[in-house]
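1. any chance you can model this:
(one chain, ligands or ions: 1)
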Amino acid sequence: MIESYEMTDDLVEGDRVEVTVGAPAHGGHCVARLGGPHGRVIFVRHALPGERVTAEITELHKGYLRADAVEVHEPSPDRVTPPCAFAHPGGCGGCDLQHVSADAQLRWKADVVRDQLTRLAGINPEDQDKIFVRVEPLPTAPDRPATSGDRAEPDAERLLGWRSRVRYAIDALDRPGLLQHRSHQVVPIDRCVIAHPAVQELDLLSRTWPDADALQVVASTGGDVAVLARPAGSSGGTAADDLGDAPAGGTLTRLSGPGEVTEIAGGRAWAVPPEGFWQIHPAAADTLVDAVLTMLEPARGEVSWDLYGGAGLFAAALAARTGARTTVVESSPAGVAAARRNLAGLPEVEVVEAKVDAALSRRRLTAPVDLVVLDPPRAGAGAKVVRAVAAATPRAVAYVACDPAALARDLKTFRAEGWAPVEIRAFDCFPMTQHVECVALLHRV
Ligand SMILES: C[S@@+](CC[C@H](N)C(=O)[O-])C[C@H]1O[C@@H](n2cnc3c(N)ncnc32)[C@H](O)[C@@H]1O
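-> Now for the predicted structure:
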């Protein structure tokens, strides 16, 4: 244990320091400072605000350190026993909040959203109170398996069995597992408690996979289960907290299940390729469609754009309300093909295969438009797209975001263009992980 914090410049990985942990920060950790309020910043995983912990240094950077809480001296009342045996320092990096009670996970994520809105979007905390209230839990995943007996708190059930898309990595001994935090090291596992029950029931984790680099498993809301493998030696990565918003790298071979799985959302059945994008939590698609429609209040005859549209989830809902021209823009050929097939019965919907910025700058999308849905991947839409959307002067924009930092950066650009978020809702679409989904309604001011 390092006792003197004047010596922190000499710290090396593996050193242990005792710290009092502060607020949660974006990334699944809390902020602490070595040697008091003005000391070096240390991001501590496996800890909770207010706790006094021994933290083991895992990474040293110029302006900050990373560490894992390896001993807790003064536990928070929000601390619980992780239901997963692999969620510990040095263990599986897929979940960040297994040690946090269900209610405290919602508060943690709300604090992170607020912090990002303050730091990156420049929205005062007092002004945030008018537009953002809390992180809303999603309904419990259906047919969730029983948890490990009396260790689970009552509300903890909704945190498990939700993950309908799982990518397992394969280690050098051909064992399947998930990756350590910020590492390519595979942690072999025999069960993932946040995986959908239909994924857990498959006998994938008790055997070795000499011919595969990775496995991708999908359990759809329509009851289909598909297993795909990436052949050994092919390229493509898998990240520890890979929530599937990017296509899996490399070519995938289907081992079992249908070539297209059925998803039920927005009152329709969707046929989607198991390797393509779909919302991961079984209740997420309906929850987000409902939030977008409630916020935008589409009226008959209003023209809309569904940008980063995937299979056209929001376009179908918008077209049903407006009965007017609705344009999906999607760049992945698989997504475009899925959108064209799924929306074929809706004559007012057009699907454009393009990157959103190219579609906007090359006038494949032309104003006037009344309603815009933006649902970009984790990096956000970026300033160029935001400026082009703002310049099209729609009546309202709904921005669906899986990363509050990217949302906040794009909100800053919108604000500079004379737009303001008038409502922000956040949803716990990824329980046990640091991730949170936000939907922001923007109006021109
Ligand atoms: C977060 S997903 C949203 C999909 C859809 N809105 C849904 O909820 O099912 C983002 C989508 O944007 C697509 N995408 C990524 N970058 C893009 C770009 N620059 N232009 C157009 N689409 C893009 C991805 O292929 C993916 O389908």
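2. buried set for stretch 160-177?
-> Neighbour-count burial for stretch 160-177, counted by 16 or more other Cβ atoms under 10 Å, picks out 160-170, 175-177. Where C-beta positions appear, they are placed from N, C-alpha and C, glycine not excepted.
3. residue 429 versus the closest residue to the ligand within the stretch 51-200 of the chain, what's the distance?
-> Closest contact between the stretch 51-200 of the chain and the ligand, by Cβ to the nearest ligand atom, is at residue 165 (12.1 Å). Noted for residue 165: a distance of 12 Å to residue 429, by Cβ to Cβ, to the nearest Å.
4. just residue 171 next, same as before
-> Distance, residue 171 to residue 429, using Cβ to Cβ: 29 Å.
5. then residue 278?
-> Distance, residue 278 to residue 429, by Cβ to Cβ: 12 Å.
6. and if you look at residue 234?
-> 30 Å.
7. more neighbours, the two?
-> Taking other Cβ atoms under 10 Å, residue 234 and residue 429 do not tie; residue 429 has more neighbours (25 against 15).
8. what pLDDT does the model give the nearest residue to the more buried one once chain neighbours are set aside?
-> Counting by Cβ to Cβ, 6 or more residues apart in numbering, the nearest residue to residue 429 once its immediate chain neighbours are dropped is residue 437, at 4.1 Å. Per-residue pLDDT puts residue 437 at 98.
9. count of residues packed around residue 437?
-> Using other Cβ under 10 Å, residue 437 has 28 neighbouring residues.
10. buried sites along stretch 67-80?
-> For stretch 67-80, the neighbour count (16+ other Cβ under 10 Å) marks 67, 68, 69, 72, 76, 78, 79, 80 as buried.
11. I should have written stretch 382-402 there, sorry.
-> Neighbour-count burial for stretch 382-402, counted by 16+ other Cβ under 10 Å, picks out 383, 385-390, 392, 394-402.
12. just read off the phi/psi values of the residue lying closest to residue 408 once chain neighbours are set aside.
-> For residue 408, ignoring the flanking residues on the chain, the nearest one in space by Cβ to Cβ, 6+ apart is residue 120 at 3.6 Å. Backbone torsions of residue 120, given as degrees, to the nearest 10, read phi -100, psi -30.
13. residue 120 touches residue 410, doesn't it?
-> No: the pair residue 120 / residue 410 is not scored as a contact, 9.3 Å apart, by Cβ atoms under 8 Å.
14. ok, those two, which is more surrounded?
-> Ranked by neighbour count (other Cβ under 10 Å), residue 120 and residue 410 place residue 410 first, with 25 against 18.
15. now that one: which helix or strand?
-> helix 404-416 (DSSP states H and E).
16. what pLDDT does whichever residue of the chain sits closest to the ligand get?
-> At 2.7 Å from the ligand, residue 310 is the closest residue in the chain, using Cβ to the nearest ligand atom. For residue 310, the pLDDT comes out at 97.
17. now swap in the one 5 residues further on and tell me
-> We note a pLDDT of 98 for residue 315 in this prediction.
18. begin at 646 from now on, thanks
-> Happy to do that; since the first residue is 646 now, the last one works out to residue 960.
19. which ones are touching it?
-> Contact analysis of residue 960 by Cβ atoms under 8 Å, 6 or more residues apart in numbering lists 949, 951, 954, 971, 972, 973, 984, 988, 991, 994, 1018.
20. picking up where we left off before, shared neighbours of residue 810 and residue 1074, which are they?
-> By Cβ under 8 Å, 6+ apart, the residues touching both residue 810 and residue 1074 are residue 925.
21. I'd like the next helix or strand past the helix or strand containing residue 874.
-> Element membership of residue 874 [criterion: DSSP H and E] is strand 870-876. Scanning forward in sequence from strand 870-876 by DSSP H and E, the next helix or strand is strand 898-901.
22. and that following strand, what does it pack onto?
-> Applying 3 or more Cβ pairs under 8 Å, 6 or more residues apart in numbering; DSSP states H and E, one finds that strand 898-901 contacts strand 870-876.
23. what strands line up against the strand it packs on, and which way round?
-> With DSSP bridges as the test, strand 870-876 is paired with strand 857-864 (antiparallel), strand 898-901 (antiparallel).
24. what sits up against that strand?
-> Counting by Cβ under 8 Å, 6+ apart, 843-844, 847, 849, 854, 856-865, 881, 893-903, 906, 919-920 sit against strand 870-876.
25. what about burial for those, which qualify?
-> The neighbour-count test (16+ other Cβ under 10 Å) marks 843-844, 847, 849, 854, 857-865, 893, 895, 897, 902-903, 906, 919-920 as buried among the contacts of strand 870-876.
26. point out where this structure drops to low pLDDT.
-> For the chain, the stretches with pLDDT under 70 are 647-654, 681-682, 786-799, 880-894.
27. what parts of the stretch 846-995 of the chain come near the ligand?
-> 890, 922-924, 953-956, 958-959, 974-977, 980 (Cβ under 6 Å from any ligand atom).
28. for PyMOL, what selects the buried ones among those?
-> Buried residues within these, by 16+ other Cβ under 10 Å, are selected in PyMOL with:
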select buried, resi 890+922+923+924+953+954+955+956+958+959+974+975+976+977+980
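29. which ones among the residues of the stretch 846-995 of the chain next to the ligand lie within strands?
-> Counting by DSSP state E, the part of these found in strands is 974, 975.
30. and which of the residues of the stretch 846-995 of the chain next to the ligand is nearest to residue 687?
-> residue 890 (29.1 Å; Cβ to Cβ).
31. so who does residue 746 touch?
-> For residue 746, the contacting residues are 723, 724, 725, 798, 800, 801, by Cβ under 8 Å, 6+ apart.
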